[in-house]
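**Student:** Using only what follows, build the 3D model:
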Amino acid sequence: MENIINITDFMTGIKSENDVTSAVFDAMLKCKSVKNPVLVFPKGVYHFWPDKAFEKHYFISNNDHGLKRIAFPVIDMENLTIDGGGSEFMFHGRMTPFVIDNSRNITIKNLSIDYDRPFFSQGEIVAAGQEYVDIKISKEEYPYKVAKDNIIFYSHNWESYRLFNLLEYDPKTGAPAHTIGDEHMRNREVSVEELPGNVVRFKSKFRKIHNPGNIMAILHEERLNPGIFSDASENISIEKVTIYHVGAMGGIFQNTKDVTIKNLDIKLREGTKRMVSAGADAMHFVNCLGKIYIDGCTFQNQFDDPLNVHGIYTTISRIISEDTIEVEYMHFQQTGIRIYHPGDNINFIDRTSLLSYDSAKIKEVIIVNQKFTRIVFEKPLPGSVKIGDAIENVSRMPDLIVRNCRAGNNRARGFLITTPGNVLIENNIFYPGGAAIKISGDANYWFESGAVRNVTIRGNTFKDCNYGGWGKATIDIDPEIKNPEESNGFYHSNIRIEENTFETFDNALLWAHSVDGLSFRNNNIKTTQTYKPFRNVKASVCLNACRNVDLSGNIIDGKIITSFDEVKPL
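**Tutor:** Next up, the predicted model:
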């Protein structure tokens with residue numbers, strides 16, 4: 001039996017247009033005290049400010065750790081539904097809307113998320129050269145000040161002092177400009193000068209001369225506040241939720257079992273002039289387990305990828321005894337996450353080939369600090385284990401189904417898939433600035449693990465992907481192995497790309513290496529004139545260190561391609 005809890009019962013003397021954060025906290029405490037609570041919101045606009053929000057420190061994969069001010073702290077809870085009733089939740093300042101921590105059977109539905117002041121800024125490019133770009137910025141929409149040769153963007157309760165990235169957008173398409181790519185500013189010498197008329201001159205050595213009349217998005221916020229964060233939880237459902245803006249990822253799920261995402265839209269609000277929805281990925285899953293099911297979603301205008309599913313490699317820093325090792329978390333946005341658990345199975349990985357050479361079961365996990373963990377195994381270590389090798393937790397690698405989604409107009413790629421679980425990517429529409437699907441793996445920089453074993457990509461439509469150049473081909477299978485042809489095995493296996501439609505201006509359809517069992521069959525390829533080709537591509541399909549390959553039944557502009565030899569530039 002459900003227990004209905006109405007937010008209005010906690011809002012005595014509080015107007016929704018002011019700050020409902022304390023009322024929501026009181027309501028969440030009530031939800032903890034009853035069975036099967038349903039927290040409901042009469043349809044309206046509700047405002048949240050960080051001043052009185054619940055606070056807790058979190059390590060969040062691929063985001064920045066620290067103290068988070070949280071509007072809805074779903075912590076140690078079961079069988080909870082939060083029903084927004086079609087309401088809009090408007091956030092002010094650095095807040096994380098939802099945290100789901102050590103909880104079971106949680107549903108969030110029927111609401112939207114937005115921020116009054118976005119965690120990026122933008123303006124019109126009015127002039128540009130190889131060593132400068134002048135941007136006209138609205139101080140009302142994107143408050144800023146120039147001081148000591150630096151620009152500081154701010155709101156009523158935060159300031160950003162660092163420039164991370166500049167990215168040019170075409171206002172006609174609402175997408176990153178053709179071939180323009182990133183202007184990474186993090187480690188670059190840059191100076192700032194304020195000119196008359198709210199124009200700011202950024203002086204540096206730019207990759208390209210930018211185009212007056214286009215819009216420049218300015219990323220100046222770290223990945224501090226994702227929209228929905230789940231850790232150590234199970235059976236989570238997100239339904240009919242829209243995220244118009246969030247400073248970091250739209251949703252990040254780690255160590256979470258069985259996630260269902262239906263009709264989640266992460267996109268720009270209709271009529272807005274903003275170019276960025278989420279400040280990073282739309283959805284991200286790390287060391288999850290069970291099944292991830294995503295259906296009927298729209299992921300547009302993120303400042304990174306629409307979807308990423310992967311595990312984490314750690315490296316062996318010490319061999320302590322015959323059954324115990326110490327491992328190190330290598331990437332700064334992976335530290336502090338509890339990857340390993342007693343009973344989990346791990347693989348030992350050679351970091352040069354990325355191939356597994358042995359396995360073991362965990363008996364005990366001893367967390368030393370956020371960077372180092374000790375692992376005791378049930379049996380003595382294999383004799384081949386050495387310091388510097390990597391390990392991955394193969395017990396926490398989910399199955400994945402993604403259907404009926406739209407993904408594009410974003411910086412970078414489409415779906416990044418690195419999980420050995422069963423994967424089905426079906427009936428989606430892709431139009432990202434880079435590769436639509438990227439299947440990688442890396443134990444030397446990003447440390448994202450998960451060699452795929454059973455992937456089906458079918459019935460999808462790929463529309464003029466890779467116009468921004470973030471990828472080798474529309475489908476990019478590129479584990480970070482320097483010389484895969486020298487390996488004794490293959491990193492990925494059993495990838496089927498069948499019965500898809502490619503509408504493309506670009507010759508590069510498939511780029512793959514280190515795959516055993518790859519089919520690119522019965523696909524329909526249509527050439528377009530949407531953009532001018534900008535790369536010298538030798539062949540539409542490029543393979544290296546692959547075997548058991550089937551390239552049959554493909555049609556290019558009505559002509560059946562009968563053999564690999566005929567798959568040349570379009």
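**Student:** per-residue confidence at the spatially closest residue to Asp116 that is not a sequence neighbour?
**Tutor:** The shortest distance from Asp116 to any non-neighbouring residue, by Cβ to Cβ, 6 or more residues apart in numbering, is to His92 (5.3 Å). Quick note: C-beta positions are derived from backbone N, CA and C, even for glycine. Turning to His92, the model gives it a pLDDT of 97.
**Student:** quick one, helices of this protein?
**Tutor:** All helices of the chain, identified by DSSP state H, fall at 21-32.
**Student:** residues contacting the residue nearest to Met11 when sequence neighbours are not counted?
**Tutor:** With sequence-adjacent residues excluded and distances taken as Cβ to Cβ, 6+ apart, Met11 is closest to Ala23, at 4.7 Å. For Ala23, the contact set (Cβ atoms under 8 Å, 6 or more residues apart in numbering) comprises 7, 10-11, 14.
**Student:** wait, what's in contact with the residue nearest to Asp116?
**Tutor:** Contacts of His92 by Cβ under 8 Å, 6+ apart are 47-50, 115-117, 155-157.
**Student:** Out of these, the closest to Lys363 would be?
**Tutor:** Pro50 (42.3 Å; Cβ to Cβ).
**Student:** List the residues that contact the closest one.
**Tutor:** By Cβ under 8 Å, 6+ apart, the residues touching Pro50 are 21, 69, 92-95, 157.
**Student:** Show me just the buried residues among those.
**Tutor:** Among the contacts of Pro50, those classed as buried by 16 or more other Cβ atoms under 10 Å are 21, 69, 92-95.
**Student:** List just the nearest of the residues you listed to Ala508.
**Tutor:** Arg94 (40.4 Å).
**Student:** The closest one against Asn225, yeah?
**Tutor:** Yes: Arg94 is in contact with Asn225 according to Cβ atoms under 8 Å; the separation is 5.5 Å.
**Student:** shared neighbours of the two, which are they?
**Tutor:** Common neighbours of Arg94 and Asn225 (Cβ under 8 Å, 6+ apart) are Gly247.
**Student:** Against Asp51, how distant is the residue nearest to Asp116?
**Tutor:** His92 sits at a distance of 9 Å from Asp51 (criterion: Cβ to Cβ, to the nearest Å).
**Student:** In this structure Val190 contacts Arg162, no?
**Tutor:** No: judged on Cβ under 8 Å, Val190 makes no contact with Arg162 at a distance of 10.4 Å.
**Student:** Which residues are in contact with Arg223?
**Tutor:** Here Arg223 is in contact with 60, 62-64, 247-249, 279-280, 333 (criterion: Cβ under 8 Å, 6+ apart).
**Student:** I'd like these as JSON lines, with pLDDT appended.
**Tutor:** As requested, those are arranged in JSON lines below (pLDDT from 0 to 100):
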{"residue": "Ile60", "pLDDT": "98"}
{"residue": "Asn62", "pLDDT": "97"}
{"residue": "Asn63", "pLDDT": "97"}
{"residue": "Asp64", "pLDDT": "96"}
{"residue": "Gly247", "pLDDT": "96"}
{"residue": "Ala248", "pLDDT": "98"}
{"residue": "Met249", "pLDDT": "98"}
{"residue": "Gly279", "pLDDT": "97"}
{"residue": "Ala280", "pLDDT": "98"}
{"residue": "Gln333", "pLDDT": "95"}
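**Student:** Most neighbours among those, which one is it?
**Tutor:** For those, the largest number of neighbours (other Cβ atoms under 10 Å) sits with Met249, at 31 neighbours.
**Student:** higher neighbour count, Val190 and Arg162?
**Tutor:** More crowded of Val190 and Arg162, by other Cβ under 10 Å: Val190, with 17 against 14.
**Student:** which ones are touching the more buried one?
**Tutor:** Counting by Cβ under 8 Å, 6+ apart, Val190 has contacts 163, 202-204.
**Student:** swap the cut-off to 10 Å and go again
**Tutor:** 149-151, 163, 166, 183, 202-206 (Cβ atoms under 10 Å, 6 or more residues apart in numbering).
**Student:** Redo the residues you listed as CSV? Include pLDDT, neighbour count and distance to Asn255.
**Tutor:** Below are those laid out as CSV (pLDDT from 0 to 100; neighbours: other Cβ atoms under 10 Å; distance: Cβ to Cβ, whole Å):
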residue, pLDDT, neighbour count, distance to Asn255
Asp149, 88, 10, 44
Asn150, 93, 13, 39
Ile151, 97, 24, 38
Leu163, 95, 21, 33
Leu166, 97, 25, 35
Glu183, 95, 23, 35
Phe202, 97, 23, 40
Lys203, 97, 16, 45
Ser204, 96, 18, 40
Lys205, 95, 11, 43
Phe206, 96, 19, 41
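**Student:** for the top strand by length along the chain, which positions count as buried?
**Tutor:** Longest strand in the chain by number of residues (criterion: DSSP state E): strand 78-91. Neighbour-count burial for strand 78-91, with 16+ other Cβ under 10 Å as criterion, is recorded at 79-84, 87-91.
**Student:** farthest-separated two in the residues you listed?
**Tutor:** The widest separation within the buried residues of strand 78-91 (Cβ to Cβ) is 28.1 Å, between Asn79 and Met90.
**Student:** in the chain, what secondary structure element scores lowest on mean pLDDT?
**Tutor:** Scoring the helices and strands of the chain by mean pLDDT, DSSP states H and E places strand 559-561 at the bottom, with a mean of 85.
**Student:** Any buried residues in it, and which?
**Tutor:** Neighbour count says strand 559-561 has Ile561 buried, by 16+ other Cβ under 10 Å.
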